[in-house]
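[1] no sequence on this one, just coordinates:
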C-alpha cells in the first residue's frame, strides 16, 4: 500500500471551508476538467457519516470512464479539528482511504485561515503488475491535488 499527503492553507474560516468540502458538489468544482467527473448518485447532498456516493470520470491512465462508489466511514467535528474519511467500496483501486482534515490556523491575523490536509492510502489492483504503476499513480495524485488546491482557493477566497 502507498500513502500520499497534501496540505495547504486557504484564507477562509474553517466553518466555511467545512461547508464547502462537505457539499458533494465540491468535487465537481475542484476536480480538473479533463477528468470529466460526473456525480451519478448520492444518498445526500451533504456528506455525513454513512453517506454514499457514486461517480464516474477518466481516472488515472484509463481512457474509458471509470465508475467509483464510496462511503463516508468516519466523520467528526471538534474545536481542534474537522475531519471525514471517504473509502472506496468499488472502483479503479484495490484500496482507497482518503482522510480530509481541516484545522483552524491561529496566526494572530485579522484574516481567518484554514489548513486543509489530505491523506490517502491507496493500492492499485493487479498485484505486482499494479505495483509497477505506483509511482505513476503518485505523480498523478500530486498533479490532481495541486489543481484541487488552486480550485479551492479560487472558490473560497474570491467569494469571502
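    On my side now, so go ahead. Here the structure is a predicted model, which is why all the values come from computation and not from measurement.
[2] now tell me which helix or strand of the chain has the poorest mean pLDDT.
    Each helix and strand of the chain was given a mean pLDDT (mean pLDDT, DSSP states H and E); the minimum falls on helix 127-131 at a mean of 83.
[3] any low-confidence regions in this structure?
    60-63, 108-109, 159-160 (pLDDT under 70).
[4] which SS class is the residue nearest to residue 91 when sequence neighbours are not counted?
    Residue nearest to residue 91 in three dimensions, not counting chain neighbours: residue 68, with 3.8 Å by CB to CB, 6 or more residues apart in numbering. Any C-beta I mention is one placed from the backbone N, CA and C, and that applies to glycine too. Assigned by DSSP: H, G, I helix; E, B strand; the rest coil, the conformation of residue 68 is strand.
[5] run through the residues that contact residue 68.
    Counting by CB atoms under 8 Å, 6 or more residues apart in numbering, residue 68 touches 54-57, 59, 88, 90-92.
[6] was I right about residue 48 contacting residue 75?
    Yes. Assessed by CB atoms under 8 Å, residue 48 is found in contact with residue 75 at 5.8 Å.
[7] which one of those two has more residues nearby?
    Using other CB atoms under 10 Å as the criterion, residue 48 and residue 75 rank with residue 75 on top: 17 against 11.
[8] from residue 158, how far off is that one?
    Taking CB to CB, to the nearest Å as the measure, residue 75 falls 28 Å from residue 158.
[9] no more questions from me, cheers.
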